[in-house]
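Visitor: Please find the sequence and the predicted model below.
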Amino acid sequence: MTTADPSTAPGGRTIRRAVVTGGAGFLGSHLCEALLAEGVDVICLDNFLTGDPANVAHLLDHAGFELRRCDITQSVAVSGPVDLVLHFASPASPVDYANLPLETLKVGATGTWNALALAEDKGARLVLASTSEVYGDPQVHPQPESYWGHVNPIGPRAVYDEAKRYAEALTAAYRTAKGVDTAIVRIFNTYGPRLRPDDGRAIPTFIRQALAGEPLTVAGDGRQTRSLCYVEDLVRGILALARAPEHGPVNLGDPTELTVRRIAEDVIAATGSSSRIRHVARPVDDPQVRRPDTTLAHATLGWRPRVTWQDGLTRTVAWFRERRAAPA
Ligand code: NAD
């Protein structure tokens, strides 16, 4: 939806200028785009650790958009008023955070301190991008926000899971101790255009493999499940939360649960590939099940995903095909 006047935006909260940390990443770039479409000026802060300026290159001509190379774990100085800080900077795929363990912990800790200090200084609302990974390998299914999780604090995924758990604790403490207006969103697996083909997440990996005619590498027997949300739905939910009085944590994700094997089969069908499935070893601490309980998001934000898996997959495959065909 496009509104020329940001003050008329749904939800009542007026947002004229927003800072998006990690704005050149997968989710961040879609958020920058959606905010600009709603008439909100955007300052995108990113050090391009796992993101790419190409993700926002099409926004650079927009008068309301500014891209700044900035490591959020260093100092963050933004002049002028800011109404909203979306703190999305962090490596997010298992391959990325395994390669960048200290950077991941640091951006979750110091980066979140700096983002919160910016929000405090500006009197802005801050929305923290947390993750379903705070639930670890869950013993409650589906996962409601009240579930505390089952996380190995020194396992291979700990640098990400615990960074986000710390970031949540810090965000909640900033709200209670300093009165900063904060919200926490626990994002479940999201997919769509601008995922990096080599980032190790299931969907981009399967699509890359299928388009290249290579075997699709399914971990273990493939019976573990994932719930996949199309990026457009997620962005709509995050912007609804940005404007709502809700502090969260709020789960956002598509409750449709698919086995990893079914995801691979659907990718093969959607790409028309002749690839086969090859089973490989399961990563340590790989969650067995994942499915959000989205009752709270529906009750407080009126949010429900709208894009079906088939439609979202078709759109994502189309983007990967185009990208593959584009000259380097
Ligand atoms: P991404 O890697 O595409 O984007 C992260 C961005 O943060 C990148 O552009 C990266 O360069 C930037 N960044 C990292 N460290 C930084 C630093 N110190 N200073 C400035 N920028 C920095 O990942 P994504 O999938 O877009 O994830 C974005 C956020 O959403 C992350 O916080 C992630 O934990 C969260 N999240 C994503 C998903 C998902 O399914 N995509 C699920 C749960 C949570």
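Guide: On my side now, so go ahead.
Visitor: For Ala37, the count of nearby residues, please.
Guide: Neighbour count of Ala37, defined by other C-beta atoms under 10 Å: 12. The C-beta positions use only the backbone N, C-alpha and C, and glycine is treated the same way.
Visitor: got it, and Gly22?
Guide: Neighbours of Gly22 using other C-beta under 10 Å come to 29.
Visitor: Touching, it and Pro91? I think so.
Guide: No: taking contacts as C-beta atoms under 8 Å, Gly22 lies outside contact range of Pro91: 9.4 Å.
Visitor: what are the ranges of the strands in the protein?
Guide: All strands of the chain, identified by DSSP state E, fall at 17-21, 41-46, 65-69, 84-87, 125-131, 182-187, 190-191, 216-219, 225-227, 229-230, 250-252, 257-259, 277-280.
Visitor: Reformat these as a markdown table; add distance to the ligand, mean pLDDT and mean neighbour count.
Guide: Below are the strands of the chain laid out as a markdown table (distance: least, C-beta to the nearest ligand atom, whole Å; pLDDT from 0 to 100; neighbours: other C-beta atoms under 10 Å):
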| stretch | distance to the ligand | mean pLDDT | mean neighbour count |
| --- | --- | --- | --- |
| strand 17-21 | 6 | 98 | 26 |
| strand 41-46 | 4 | 98 | 26 |
| strand 65-69 | 9 | 98 | 16 |
| strand 84-87 | 7 | 98 | 28 |
| strand 125-131 | 4 | 98 | 25 |
| strand 182-187 | 3 | 98 | 24 |
| strand 190-191 | 4 | 97 | 24 |
| strand 216-219 | 17 | 95 | 20 |
| strand 225-227 | 10 | 91 | 22 |
| strand 229-230 | 8 | 98 | 24 |
| strand 250-252 | 9 | 98 | 27 |
| strand 257-259 | 15 | 94 | 17 |
| strand 277-280 | 21 | 94 | 14 |
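Visitor: Of all those, which one comes closest to Trp309?
Guide: Trp309 lies closest to strand 257-259 among those, at 6.9 Å (C-beta to C-beta).
Visitor: Just name whatever secondary elements that closest one is in contact with.
Guide: Taking 3 or more C-beta pairs under 8 Å, 6 or more residues apart in numbering; DSSP states H and E as contact, the helices and strands that strand 257-259 lies on are strand 225-227.
Visitor: Quickly run through the sheet partners of the strand it packs on, with directions.
Guide: The strands beside strand 225-227 in its sheet (DSSP bridges) come out as strand 257-259 (antiparallel).
Visitor: pLDDT score assigned to Gln288?
Guide: pLDDT recorded at Gln288 is 84.
Visitor: What residue, apart from its backbone neighbours, is nearest it spatially?
Guide: In this structure, Gln288 finds its nearest non-sequential neighbour in Gln224, 5.1 Å apart by C-beta to C-beta, 6 or more residues apart in numbering.
Visitor: The one you found: how many residues sit nearby?
Guide: Using other C-beta under 10 Å, Gln224 is surrounded by 18 other residues.
Visitor: how close does it sit to Pro142?
Guide: From Gln224 across to Pro142, the span is 15 Å (C-beta to C-beta, to the nearest Å).
Visitor: Then Thr110?
Guide: As judged by C-beta to C-beta, Thr110 and Pro142 stand 33 Å apart.
Visitor: more crowded one of those two?
Guide: Counted by other C-beta under 10 Å, Thr110 and Pro142 do not tie: Pro142 has more neighbours, with 20 against 14.
Visitor: my read: the more buried one touches Thr256, true?
Guide: No: Pro142 is not in contact with Thr256 according to C-beta under 8 Å; the separation is 11.1 Å.
Visitor: Report how many residues lie close to Arg243.
Guide: 18.
Visitor: surely it meets Glu38?
Guide: No: under the criterion of C-beta under 8 Å, Arg243 makes no contact with Glu38, lying 9.9 Å away.
Visitor: and the protein, which of its residues are near the ligand?
Guide: Counting by C-beta under 6 Å from any ligand atom, the chain comes close to the ligand at 21-22, 24-28, 45-51, 70-73, 88-92, 96, 107, 111, 129, 131, 187, 189-190.
Visitor: go with 5 Å
Guide: Applying C-beta under 5 Å from any ligand atom, we find that the chain lies next to the ligand at 22, 24-27, 46-51, 71-73, 88-90, 92, 107, 129, 131, 187, 189-190.
Visitor: Spell out for me the ChimeraX command that would select the buried members of the residues you listed.
Guide: In ChimeraX, this line selects whichever of the residues of the chain next to the ligand come out buried by 16 or more other C-beta atoms under 10 Å:
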select :22,24,25,26,27,46,47,49,50,51,71,72,73,88,89,90,92,107,129,131,187,189,190
